[in-house]
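Asks: starting from these lines, generate the structure:
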Amino acid sequence: MAKVQEIHHNGVNLSTQRTFGTKFTSGLKETFFPDDPFRQITEEEKSSRRCIKGVQYFVPIFEWLPNYTLRLFFSDLIAGLTIASLAIPQGISYAKLANLPPLVGLYSSFVPPLVYAVFGSSRHMAVGTIAAASLLIGNTISTVADHETEPALYLHLIFTTTFVTGVFQTCLGFFRLGILVDFFSHSTITGFMGGTAVILILQQLKGIFGMKHFATKTNLVAVIEGIFTNRQEIRWETAVLGIFFLIFLQFTRHLRVKKPKLFWVSAIAPMTTVVIGGIFTYLVKGQNHGIQIVGHLDKGLNPISIQYLTFDRRYLPAVMRAGLITGVLSLAEGIAIGRSFSVTDNTPHDGNKEMIAFGLMNLFGSFTSCYLTSGPFSKTAVNYNAGCKTAMANVVQAIIMALTLQFFAPLFSNTPLVALSAIIVSAMLGLINYTEVIYLFKVDKFDFVICMSAFLGVTFISMDMGLMISVGLGLLRGLLYTARPAACRLGKLPDSGLYRDVEQYSNASTVPGVLIILVGSPVYFSNSTYLKERILRYIQSEQSSSRNTVEYVILDLTGVTSIDTTAIEGLLETSKILERKGIKMSLVNPRLEVMEKLLASKFVEHIGKEAFYLNLDDAVIASQYSLRTSKTNNNDDTV
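Replies: As a prediction, this is how the structure comes out:
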């Protein structure tokens with residue numbers, strides 16, 4: 001027994017307990033500040049340096065601007081010119097998706113990029129409107145205001161929705177609630193973007209066919225029914241022109257894939273389409289042949305719109321719904337895109353700073369006749385491939401857009417709507433990532449189901465319903481993981497001293513009479529009963545397969561990061577059940593938070609300090625020693 005006692009004296013720390021304040025502060029820090037963002041500020045000894053570091057942290061432009069060089073500017077200038085050529089046709093096209101005047105789309109590529117250049121943390125992000133949010137915000141606001149009969153009210157509600165989105169995103173970033181965006185899994189985003197791409201393509205059939213009447217809903221069945229009902233309005237002239245533009249745009253995309261150095265060809269293709277389409281329509285008098293055009297565009301920079309924000313109770317539910325859904329969606333897309341490019345180029349990226357930047361640019365945008373903006377993948381990819389070095393590329397884009405608004409806007413009045421539809425269709429075809437869907441099917445069937453639920457929900461029901469169904473399935477999966485904690489039987493690998501899963505490693509040896517179980521996740525009220533039943537099932541299986549009587553159960557708690565009172569009661573109940581069966585239970589390596597609760601709940605007193613071990617070897621040696629002692633005593637009694 002002296003050997004066993006020695007193990008305990010040098011084993012688990014059963015005395016350390018933190019105060020409530022210490023535990024609360026630690027938990028709060030891990031939840032909201034896992035990256036320790038203020039470390040660089042607190043490390044500075046001088047208060048003046050801490051002040052400078054603080055300003056640089058909250059306003060990132062002051063971090064990179066002092067070291068900005070002419071060489072960096074030349075790279076950003078080329079990138080800014082490139083994304084500006086893409087921003088003009090996209091601004092007009094995506095405004096059309098939201099049933100907004102084309103100028104609002106152009107306005108949205110002027111003020112928001114300037115705001116992002118000041119507060120954004122990504123060096124590659126290119127700011128602009130996004131197709132999915134444009135369609136979603138338009139469909140939601142259309143339920144309470146018609147853009148044709150009530151254009152002023154509709155526009156004011158769009159500005160109000162953008163304001164709500166800005167406030168929401170800024171608060172998420174300020175209170176470091178980026179964890180909410182994590183509920184949008186990669187499979188959800190993949191399915192949602194694919195489904196959105198399909199309905200966006202279907203919506204553009206109106207422009208491709210030159211139709212004046214169309215479906216009022218966005219789902220697949222409604223669109224097909226709308227086309228069939230109004231098939232007499234289809235104009236072959238518009239359809240031929242649309243197909244020509246689409247072939248040209250797809251050819252440039254194919255060229256970019258085959259020869260990445262020619263990315264600029266694909267980047268300027270939308271602008272080329274707009275220019276060629278406008279010139280062609282003007283020369284042949286396209287309106288006489290059923291080719292619809294954008295119409296007159298006024299010159300001038302963004303007018304102030306803060307006075308148009310409307311918070312009438314009749315419209316507020318739709319405004320809030322549109323603002324919150326599009327806010328989270330645009331954050332999920334923008335942060336994921338920025339993060340991926342920062343990893344590729346090994347550059348800084350802070351998700352919470354990005355939330356604040358997105359929120360502020362939508363907030364200021366709602367005051368200056370802009371609607372919702374984010375970091376679209378197409379523009380960001382072009383910006384990256386064009387060699388951008390800093391957020392100055394967004395400033396260049398904004399300046400080009402200001403010049404366009406001030407002097408050249410009327411030149412785009414002859415742009416045919418079919419050209420804009422072709423641009424949208426071409427962009428959306430790139431969002432249907434079928435290779436990713438195949439990958440999900442091969443690797444994880446549940447992820448595949450989540451992805452397809454979003455895709456089919458968006459395609460056949462609606463965008464918000466498809467998104468909610470997919471997120472709901474993701475949460476259900478998370479609950480299943482919580483309700484069924486990972487557990488496995490361990491054995492010792494020969495010549496290594498390591499204990500591993502016996503199902504994964506068939507050469508792992510077990511100790512007769514000793515059952516080692518690894519609990520690999522937190523234990524809560526929802527899974528404590530399952531864990532108890534799982535332990536009893538392991539015992540039954542071990543005794544029936546090896547015909548050895550289990551006398552010791554060792555629980556490796558290394559992977560248990562937290563535990564609640566229900567789970568503690570469950571462990572105590574399990575211990576009593578095993579004791580009635582003549583089986584002793586030992587616990588190995590409980591973490592600090594778990595150990596504190598076991599001590600506070602008197603669990604340690606109930607089960608005994610001798611049941612705790614620092615590592616598996618100590619627990620196994622102690623159980624083997626006890627087994628030998630028990631057998632020796634039994635033999636002595638027999639004699």
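Asks: domains for this protein, by residue range?
Replies: For the chain, automatic domain parsing gives the domain ranges 70-479, 486-629.
Asks: now the ones you listed as CSV including mean neighbour count and distance to residue 64?
Replies: No exception for glycine: its C-beta is placed from N, CA and C like everyone else's. Listed next are the domains of the chain as CSV, based on neighbours: other Cβ atoms under 10 Å; distance: least, Cβ to Cβ, whole Å:
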stretch, mean neighbour count, distance to residue 64
domain 70-479, 20, 5
domain 486-629, 17, 38
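Asks: residue 60 is nearest to which of those?
Replies: domain 70-479 (5.2 Å; Cβ to Cβ).
Asks: span of that closest one from start to end?
Replies: End-to-end span of domain 70-479 (Cα to Cα, to the nearest Å): 54 Å.
Asks: distance from it to the middle of the chain?
Replies: 17 Å (Cα atoms, centre = their mean, to the nearest Å).
Asks: quick one, helices of the stretch 351-500 of the chain?
Replies: Per DSSP state H, counting those that start in this stretch, the stretch 351-500 of the chain carries helices over the ranges 351-367, 377-385, 392-403, 417-429, 434-443, 445-460, 463-483.
Asks: out of the ones you listed, flag the one nearest residue 117.
Replies: So among the helices of the stretch 351-500 of the chain, helix 392-403 is nearest, using Cβ to Cβ, at 4.6 Å.
Asks: now that closest one: average pLDDT?
Replies: The average of the pLDDT scores along helix 392-403 is 94.
Asks: contact partners for residue 166?
Replies: 359, 360, 361, 362, 363, 364, 365, 366 (Cβ atoms under 8 Å, 6 or more residues apart in numbering).
Asks: any chance of those in a markdown table, with distance to residue 451 and pLDDT too?
Replies: Formatted as a markdown table, the contacts of residue 166 follow (distance: Cβ to Cβ, whole Å; pLDDT from 0 to 100):
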| residue | distance to residue 451 | pLDDT |
| --- | --- | --- |
| 359 | 28 | 94 |
| 360 | 32 | 95 |
| 361 | 30 | 95 |
| 362 | 28 | 95 |
| 363 | 33 | 95 |
| 364 | 35 | 95 |
| 365 | 32 | 95 |
| 366 | 33 | 96 |
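Asks: which of those residues lies closest to residue 76?
Replies: residue 361 (18.3 Å).
Asks: just put the helices of the stretch 351-500 of the chain in TSV and tack on distance to residue 230.
Replies: Below are these laid out as TSV (distance: least, Cβ to Cβ, whole Å):
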stretch	distance to residue 230
helix 351-367	35
helix 377-385	31
helix 392-403	36
helix 417-429	16
helix 434-443	31
helix 445-460	21
helix 463-483	23
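Asks: so in terms of bridging, what pairs with residue 491?
Replies: residue 500 (DSSP bridges).
Asks: ends of stretch 122-141, how far apart?
Replies: Terminal-residue distance, stretch 122-141 (Cα to Cα): 31 Å.
Asks: tell me the strands in the protein, going along the chain?
Replies: Ranges of strands in the chain, per DSSP state E, are 487-492, 499-501, 514-519, 552-556, 584-588, 612-613.
Asks: of all those, which lies closest to residue 479?
Replies: Closest among the strands of the chain, using Cβ to Cβ: strand 487-492, at 17.4 Å.
Asks: remind me what the closest one packs against, helices and strands.
Replies: strand 499-501, strand 514-519, helix 528-546 (3 or more Cβ pairs under 8 Å, 6 or more residues apart in numbering; DSSP states H and E).
Asks: of all the helices of the stretch 351-500 of the chain, which one is nearest residue 284?
Replies: helix 417-429 (13.1 Å).
Asks: for that closest one, packing partners?
Replies: Checking 3+ Cβ pairs under 8 Å, 6+ apart, helix 417-429 ends up next to helix 70-97, helix 131-141, helix 186-203, helix 205-209, helix 236-258, helix 263-284.
Asks: so residue 329 makes contact with residue 467?
Replies: Yes: using Cβ atoms under 8 Å, residue 329 is in contact with residue 467, at 7.2 Å.
Asks: between those two, which contacts overlap?
Replies: With Cβ under 8 Å, 6+ apart, residue 329 and residue 467 have common neighbours residue 192.
Asks: picking that back up, can I get the helices and strands packed on helix 417-429 in CSV with mean pLDDT and distance to residue 316?
Replies: Formatted as CSV, these follow (pLDDT from 0 to 100; distance: least, Cβ to Cβ, whole Å):
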stretch, mean pLDDT, distance to residue 316
helix 70-97, 86, 24
helix 131-141, 87, 12
helix 186-203, 83, 26
helix 205-209, 83, 30
helix 236-258, 87, 39
helix 263-284, 84, 36
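Asks: quick check: residue 596 vs residue 604, distance?
Replies: 11 Å (Cβ to Cβ, to the nearest Å).
Asks: likewise residue 453?
Replies: Applying Cβ to Cβ to residue 453 and residue 604 gives a distance of 46 Å.
Asks: what does residue 105 give?
Replies: 66 Å.
Asks: circling back to that earlier point, how about TSV for the domains of the chain, with distance to residue 25 added?
Replies: Output for those, formatted as TSV (distance: least, Cβ to Cβ, whole Å):
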stretch	distance to residue 25
domain 70-479	15
domain 486-629	13
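Asks: ok, which of these comes nearest residue 57?
Replies: That would be, of the domains of the chain and by Cβ to Cβ, domain 70-479, which comes in at 8.3 Å.
Asks: closest one to residue 84 among the helices of the stretch 351-500 of the chain?
Replies: helix 392-403 (3.7 Å).
Asks: what packs against that closest one?
Replies: Counting by 3+ Cβ pairs under 8 Å, 6+ apart, helix 392-403 packs on helix 70-97, helix 111-119.
Asks: okay, angle between the last one and helix 392-403 too, please.
Replies: Going by axes from the mean of the first three to the mean of the last three Cα atoms, to 10 degrees, helix 111-119 is angled at 150 degrees with respect to helix 392-403.
Asks: one more: the longest one?
Replies: Angle of helix 70-97 versus helix 392-403, following the same axes, to 10 degrees, is 60 degrees.
Asks: which helices and strands does helix 70-97 pack with?
Replies: helix 102-107, helix 131-141, helix 263-284, helix 377-385, helix 392-403, helix 417-429.
Asks: and what of the last one?
Replies: Taking 3+ Cβ pairs under 8 Å, 6+ apart as the contact definition, the neighbouring helices and strands of helix 111-119 are helix 61-64, helix 351-367, helix 392-403.
Asks: the nearest residue to residue 518 once chain neighbours are set aside pairs with what?
Replies: Nearest non-adjacent residue to residue 518, counting by Cβ to Cβ, 6 or more residues apart in numbering: residue 556, 4.4 Å away. On the basis of DSSP bridges, residue 556 is bridged to residue 518, residue 588.
Asks: tell me if I'm right that residue 556 and residue 589 touch.
Replies: Yes: between residue 556 and residue 589 there is a contact at 6.7 Å, judged by Cβ under 8 Å.
Asks: so the biggest helix by length in the chain versus helix 131-141, what angle?
Replies: Longest helix of the chain, by residue count under DSSP state H: helix 316-345. Taking the same axes, to 10 degrees, one finds helix 316-345 and helix 131-141 inclined to each other by 170 degrees.
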